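A.B. asks: Predicted model and sequence follow; I will ask about them next.
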Amino acid sequence: MPNRIEVIADKCTGCQACLKNCPFGAISMAERPDHPKKRKLAVIDLEKCTYCGACMEACKKFNAIEMEVDKADAGINKDDYRDVWVFAEQRHHELSTVSFELLNEGRLLAGKLNAGLCAILIGSKAGGMPQELIYHGADRVYVIENDMFGEFREDSYSSVLSDLIEKKKPEVVLMGATNIGRSFASRVAAKIQTGLTADCTGLDIEPGTRNLLQTRPAFGGNIMATILTPNHRPQMATVRHKVFKQSPRDTGRKGEVEKVEIDTGKLKARTKFLKYVADTSAKVNLAEADIIVSGGRGLGKPEGFKLVEELAAAIGGAVGSSRAAVDAGWIPYSHQVGQTGRTVAPRIYVACGISGQIQHLVGMSSSDVIIAINRDPDAPMMKIASFALEGDLYKVIPAIINEIKKSRVS
């Protein structure tokens, strides 16, 4: 049975509650000259409607909207779904490094599923990007190439990706939890009627069921929840940048490139690209830093960051911070590391006066070497640190800086 949604004209009062609550702009109000009170009628655009039910929730008082949705798991044969897909994000013909991180994790998942690993590339000019994706682990690259994909737009991207998913039936679809990935992953999931777990920090396969174990912070980061999608396919997840290591580049790898033909006449875009304006306000790129020195509440005062900056300068690192220090106004948000800030994976992470709440650990626990400086030996950060220095950071840090300076003189 196909999906059905209908506005009951006799019950509709023209209150516009459904119009205001529709997140997809799928409802408009039509004039009713023949109505005794000249009330308008809600009209639903079925091309835009995703059957999310927001309008029905808004219309509970009048029950003027009826909807029947075909359950996606009815009649699904899971054996029809194979392969792990990675959305290869690119902007201005340059692949995002999160694509290589997903290919690395995707290879592990594909191995456990005994499936292929595929990358999906959408853009105006593919150039050498498909081959680069193969070098980084993809067995096959699906290329959707057209001038209309020169700049990212949610409508067109979600339309072509959801169509390709329905044709090829992948078992798992991974996307970066970036501005682009977060912007249209949910649209794709809604179109193909499957679940989506956002901001994952861990992925695995459940033995026997082939279910994707999707781990992410929950309840404000106080616990780590593992989410499954047992009755729907594909299984979709977005993954935070820098959570996984990048896949190694092997120029000897071979793979297939398949160009996907699309009917551009069926694509609709409700937005128009006007101009690209680069963000030049950020003074620090924590995501790419090899060494990061971060300060937290344990600094006790904003002046403490002068000491953190001095240590960072001495070892050639960038300055980070915990959320507590940002909330206190000691340092700008662009330096924040953690669940609500940047996810980083440097070679060396130095935590100065940071207790290590789970929200912060989520954003930096993939660091190769963690050095913690704290008075509290029982702080979570001290327990996960490669090297834990217990003591007053206002004595420990200057001592470290002095030793660095001495080594350079000698």
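C.D. replies: Nice, I can see it.
A.B. asks: what about Arg182, is that helix, strand or coil?
C.D. replies: helix (DSSP: H, G, I helix; E, B strand; the rest coil).
A.B. asks: pretty sure it is touching Thr238, no?
C.D. replies: Yes - counting by CB atoms under 8 Å, Arg182 touches Thr238, with 6.4 Å between them. C-beta here means a position set from N, CA and C on the backbone, and glycine is covered the same way.
A.B. asks: So for these two, which residues contact both of them?
C.D. replies: Ala198 (CB atoms under 8 Å, 6 or more residues apart in numbering).
A.B. asks: who's in contact with the closest residue in space to Ala318 that isn't next to it in sequence?
C.D. replies: The shortest distance from Ala318 to any non-neighbouring residue, by CB to CB, 6 or more residues apart in numbering, is to Ala289 (3.9 Å). By CB under 8 Å, 6+ apart, the contact list for Ala289 reads Gly317, Ala318, Val344, Pro346.
A.B. asks: now the third one: how far from Ile76?
C.D. replies: Using CB to CB, to the nearest Å, Val344 is found at 39 Å from Ile76.
A.B. asks: Any regions of the protein where pLDDT drops low?
C.D. replies: Filtered on pLDDT under 70, the chain yields the residue ranges 1-2, 70-75, 220-222, 278-284, 409-410.
A.B. asks: Kindly report the domain assignment for it.
C.D. replies: Domain assignment of the chain by automatic domain parsing yields the ranges 4-68, 78-266, 286-409.
A.B. asks: Mind putting the ones you listed into JSON lines with distance to Lys272?
C.D. replies: Formatted as JSON lines, those follow (distance: least, CB to CB, whole Å):
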{"stretch": "domain 4-68", "distance to Lys272": "15"}
{"stretch": "domain 78-266", "distance to Lys272": "8"}
{"stretch": "domain 286-409", "distance to Lys272": "30"}
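A.B. asks: Surely Val396 and Asn402 touch.
C.D. replies: No - look at Val396 against Asn402 with CB under 8 Å: they stay out of range, at 11.0 Å.
A.B. asks: Between those two, point out the one with more neighbours.
C.D. replies: Val396 (17 against 11; other CB atoms under 10 Å).
A.B. asks: For the more buried one, give me its contacts.
C.D. replies: Ile373, Leu389.
A.B. asks: got the phi/psi numbers for it?
C.D. replies: Backbone geometry at Val396, expressed as degrees, to the nearest 10, gives phi -70, psi -50.
A.B. asks: again, but for Gly320
C.D. replies: phi -120, psi -180.
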